[in-house]
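just need the structure, nothing else, for what follows:
(one chain, ligands or ions: 1)
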Amino acid sequence: MPEVTLSKTDDHKLDSTVQSKVLTFLMKLREDDSSVGLHIEKMEDQKDPRARTGRVNKSWRAVLFRLDHDGERTYVYTGTYEHDEAIERARTRVLRTNPVTHIAEIIDASAPAVDAATEPAHVAAPAKKPSYLGEHGYPVADLISGLGFEKADAARLYEAESEDALAALADGFENEWQRLAILGMAVGDTIAKIRGDLGLEVPDSEMADEGGETAADEERGDAELLDALKSPASQMQFTLVGDDEELRRILEEGDFGAWRVFLHPEQVRYVERDFNGPFRLTGGAGTGKTVVLLHRARRLALAESGARVVLTTFTKALAGMLRRDLARLDEGIPQTSSLGGPGVYVTGIDALAAAVRDRAGNDFWSVGGEAVFGAAITERTSMVSNSQGWDAAASVLGDAPAEITNPAFLEAEYVQVILPQRVRTLSEYLAARRPGRGVALDRARRAAVWAAVEAYRTNAAKARRLTWAELSAMASAFLESRAGEAPADHVLIDEGQDLSPLHWQLVRALAPAATNDVFIAEDVHQRIYGHRIVLARYGIKVVGRSRRLTLNYRTTHENLLYALGVLEDAEYIDTAEETETSHGYRSARRGPVPRVIGSDHVWEQTDAVARTIADWQAAGVGDSIAILGRTTVALKRLQRQLDDRGIATALYGEAIKPGTPLLVTMHSAKGLEFSRVVLFDVSEGSVPLPLALHGLTGTDLEDAMLRERSLLYVAASRARDELVVTWAGSPSGLLRS
Ligand SMILES: Nc1ncnc2c1ncn2[C@@H]1O[C@H](COP(=O)(O)OP(=O)(O)OP(=O)(O)O)[C@@H](O)[C@H]1O
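Coordinates of the predicted model:
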């Protein structure tokens, strides 16, 4: 039975009847390639002796390459085309191992070859106009002997006069590695970095000579090619199919399922590598961090039977998506619904604290109470948000300065200082360190704050309520008291930037320090909850153990630039206390420049939104449209107004007819993506939301402003293809002029 390796194709764009014929064809091929009806045929004058076509139906042909080794046969399927085009491709394309990088690639051997005698340096000489690559220190010889470009291709790239022109050329190249290398050069990566990103370990001395003869490479053995197909850089484009079901899924899902199969070599590295302690993967919105986490969770769960893997994130909704996507990735991954059980336990971080409580039984209230409150407490029956109860507690402070009577200040002090340090008495509070807290507190002020804390705790005890932050603190304390009985071997965290100190303490207590104990995906630019924190303070040391992903899979280049523009003018410090940069992000896809529509009046803005949606729907893009707004109230009002204009929409979470545009708050949009997005009412007075800044001063105010900026970035980075931003009156100060 032959094996089939699929290359990334555009087959999902084919008519569905042709697609189903392709599936039947490939299933038959896997069964028996000599079966009548497949018509596996060679071409006249074909450039690659391995090339074949196969009959999908009367008008369509599959283009294949046949490899034989050790009595085994493998077909590399490269797509289905109309008869004549298929014949032409099979005649002219060569599947080979790149002589420099050993990546498997498909080249067009009909392209006129550049004279082999031409010195590489002279290839670029005819370009009289300024060359972007030339001016940015990429010698043409390096493109050829460092990255493996053909001379003719290197010459073509040298003709690009700007970064944009260079990036635009990427689309015309047939192989993933070529497109990524070009995008890398467009954003200024060195050749060494590009090689590193592609996972090319071959030392320079082992590379082929500059301009090595490609004809000789065509004759390399099938065995070598089969080997090359397995390299990480080749696996971005080629995948060996395990069974017919997998074959069907890959063909049907096309681009949407690509994340399951065609990982970037860097993603593969972070999935496969073992780390001796915590590791942090950073990267902008859409750079595939969650995809790495999902694959890594699978890897860890399947590597060792009985492994207990916890996969967690900030919200319940995001955890639900992780659970769904893990099953999508591989139904065979054992998922467990109980903490401490073998398999992957996927849940939100607060639910994780609740799982520790439920597993612990009565001891939880005595051990946790003692550690956090100074004495055992009786069971609390009502779980409430961290903000609840501070208004009443603040009232005991009478006419103390506004800085410390502000409920948001008190809540932050409690969650960032008092609970993480398990401060139980006034004297402990007087001695507590308050790093990163802007408002200075002398003895008298600390005593006043402590009085508010005591009132808060007394009120909560009476009402038998507990906040999620307190629950986390108690859960960590409980786990610490049971050293040697930790319920997890590996904890993987998504959206790490949003977790609070108490969450990190919980993470630390869940899995003992060991190989692959903690793996964090985070993007500090997307911190929309909580405060700036330093991980090392909570026993998680990631300094020097952090890497960054830069290739954006989600949005077009144009949308990416726009979203990144929102971050300009602000400084972001990450959890390892390093300044986060947005430098080097790139996207392989192109699309229209985002449109900003300003209106004098609110009703004009609504008209503009209605027109935009109607245009998209008229153009047949009914699917995957979202309108993102700052608050649910504003979105509900807009929904009524759009309804009056004949545009039906649905609030996110409601059962809807497929194709209905969704109204989503910017917060809920985290983790989602849509083809077309309207960012609604990014006006002064709406974004930042005055209520989110109310009463805050000093660092708390700065932090809240940063969160508002991040929220806009999160929202802008949800659009895959098209982005429209609207405002009324005056634009938000967070929008770029
Ligand atoms: N190797 C890949 N091939 C194709 N698509 C990919 C790949 N990796 C990720 N994607 C797709 O890119 C999009 C973004 O991926 P993902 O959600 O993992 O990014 P992220 O970095 O976690 O984003 P965010 O920070 O915005 O949540 C998803 O649609 C995902 O399926």
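
show me what the strand or helix carrying A444 packs onto, helices and strands only.
In this assignment (DSSP states H and E), A444 forms part of helix 443-462. On a contact count with 3 or more CB pairs under 8 Å, 6 or more residues apart in numbering; DSSP states H and E, helix 443-462 meets helix 390-394, helix 402-405, helix 407-413, helix 426-431. (C-beta placed from N, C-alpha, C; glycine too.)

show residues contacting the third one.
Applying CB atoms under 8 Å, 6 or more residues apart in numbering, the contact partners of helix 407-413 are 386-387, 390-391, 393-394, 403-404, 434, 437, 439, 449, 452-453, 456, 531, 694-697, 700.

using PDB, write out every CA atom in that helix.
Coordinates of each C-alpha in helix 407-413 appear next as PDB, following Å, rounded to 0.1, in the frame of the first residue of the first chain:
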ATOM      1  CA  PRO A 407     -12.300  51.000  46.300                       C
ATOM      2  CA  ALA A 408     -10.200  50.200  43.200                       C
ATOM      3  CA  PHE A 409      -7.000  51.100  45.100                       C
ATOM      4  CA  LEU A 410      -8.000  49.000  48.100                       C
ATOM      5  CA  GLU A 411      -8.800  46.000  45.900                       C
ATOM      6  CA  ALA A 412      -5.400  46.300  44.100                       C
ATOM      7  CA  GLU A 413      -3.600  46.600  47.400                       C
END
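
contact residues of the stretch 501-650 of the chain facing the ligand?
523, 526, 553-554 (CB under 6 Å from any ligand atom).

let's see that with 5 Å instead.
553-554 (CB under 5 Å from any ligand atom).

so which residues of the stretch 501-650 of the chain form strands?
518-522, 546-549, 551-556, 586-589, 595-599, 625-629, 650-651 (DSSP state E, counting those that start in this stretch).

give me the number of residues near K230?
13 (other CB atoms under 10 Å).

how close does it get to T74?
11 Å (CB to CB, to the nearest Å).

got it, and A141?
35 Å.

the two: who's more crowded?
Shown here are A141 and T74; by other CB under 10 Å, T74 has more neighbours (19 against 16).

does the more buried one sit in a helix, a strand or a coil?
strand (DSSP: H, G, I helix; E, B strand; the rest coil).

and of the strands of the stretch 501-650 of the chain, who's closest to K670?
strand 625-629 (10.6 Å; CB to CB).

what does the closest one rub up against?
609, 613, 616-617, 635, 638, 649, 652, 661-666, 669, 672, 674-681, 715, 718.

just the CA trace of that strand, in CSV.
Taking Å, rounded to 0.1, in the frame of the first residue of the first chain, the C-alpha atoms of strand 625-629 are listed here in CSV:
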residue,chain,number,x,y,z
ILE,A,625,-18.4,39.5,10.4
ALA,A,626,-18.1,41.1,13.9
ILE,A,627,-18.8,44.5,15.3
LEU,A,628,-16.6,45.1,18.4
GLY,A,629,-17.6,47.7,21.0
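
quick one: contacts for the closest residue to G146 other than its chain neighbours?
Spatial nearest neighbour of G146, chain neighbours left out: I191 (4.4 Å); criterion: CB to CB, 6 or more residues apart in numbering. Residues near I191 by CB under 8 Å, 6+ apart: 138, 142-143, 146-147.

quick check on I191: phi, psi?
Note on I191: its backbone torsions stand at phi -60, psi -40 [degrees, to the nearest 10].

same check on H69?
phi -160, psi 130.

do D227 as well
Dihedral angles (degrees, to the nearest 10) for D227: phi -70, psi -50.

quick one: pLDDT of it?
D227 carries a pLDDT value of 93.

just give me how far the strand or helix carrying T17 sits from the chain centre.
Following DSSP H and E, one finds T17 within helix 16-31. Relative to the centre of its chain, helix 16-31 is centred 32 Å away, using CA atoms, centre = their mean, to the nearest Å.

give the buried residues for that helix.
Counting neighbours by 16 or more other CB atoms under 10 Å, one finds that the buried residues in helix 16-31 are 19, 21-23, 25-26, 29-30.

stretch 292-312 too?
In stretch 292-312, counting by 16+ other CB under 10 Å, buried: 292-302, 307-312.

the nearest residue to L147 once chain neighbours are set aside: neighbour count?
Excluding its sequence neighbours, the residue lying closest to L147 (CB to CB, 6+ apart) is A181, at 5.1 Å. Residues near A181, counting by other CB under 10 Å, number 27.

can you tell me the element A181 falls in?
helix 176-186.

got it, and S675?
Assigned by DSSP H and E, S675 belongs to strand 674-679.

can you list contacts of that strand?
For strand 674-679, the external contacting residues (CB under 8 Å, 6+ apart) are 609, 612-613, 616, 621, 623-628, 662, 712, 715-716, 718-726.

change it to 7 Å
609, 612, 616, 621, 623-628, 715-716, 718-726 (CB atoms under 7 Å, 6 or more residues apart in numbering).

tell me how far the closest residue to V534 other than its chain neighbours lies from I520.
Of all residues not flanking V534 in the chain, E577 sits nearest, at 5.6 Å (CB to CB, 6+ apart). From E577 across to I520, the span is 15 Å (CB to CB).

try G134
Plainly put, G134 is 41 Å away from I520 if you go by CB to CB.

same question for A704.
From A704 to I520 the distance is 24 Å (CB to CB).

these two - which one has more neighbours?
I520 (27 against 18).

I figured the more buried one hits E495, correct?
No. Under the contact definition of CB atoms under 7 Å, I520 does not touch E495, with a separation of 9.5 Å.

just to revisit the earlier point, out of the contacts of strand 625-629, which end up buried?
Among those, the ones that count as buried (16+ other CB under 10 Å) are 609, 613, 616-617, 635, 638, 649, 652, 661-666, 669, 672, 674, 676-681, 715, 718.

direction included, what does the host helix or strand of V4 pair against?
V4 is part of strand 3-7, with elements assigned from DSSP H and E. Its sheet considered, strand 3-7 pairs with strand 72-82 (parallel), strand 238-240 (antiparallel) by DSSP bridges.

nearest to H264, of these?
So among those, strand 238-240 is nearest, using CB to CB, at 13.3 Å.

other residues contacting that closest one?
Outside strand 238-240, the residues that reach it (CB under 7 Å, 6+ apart) are 3, 5-7, 76, 104, 229, 261-262.

output those residues in CSV, with neighbour count and distance to T97 appended to each entry.
As requested, the contacts of strand 238-240 are exported to CSV (neighbours: other CB atoms under 10 Å; distance: CB to CB, whole Å):
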residue, neighbour count, distance to T97
E3, 16, 18
T5, 21, 14
L6, 23, 18
S7, 23, 14
V76, 25, 12
A104, 28, 6
L229, 22, 9
V261, 18, 21
F262, 19, 19
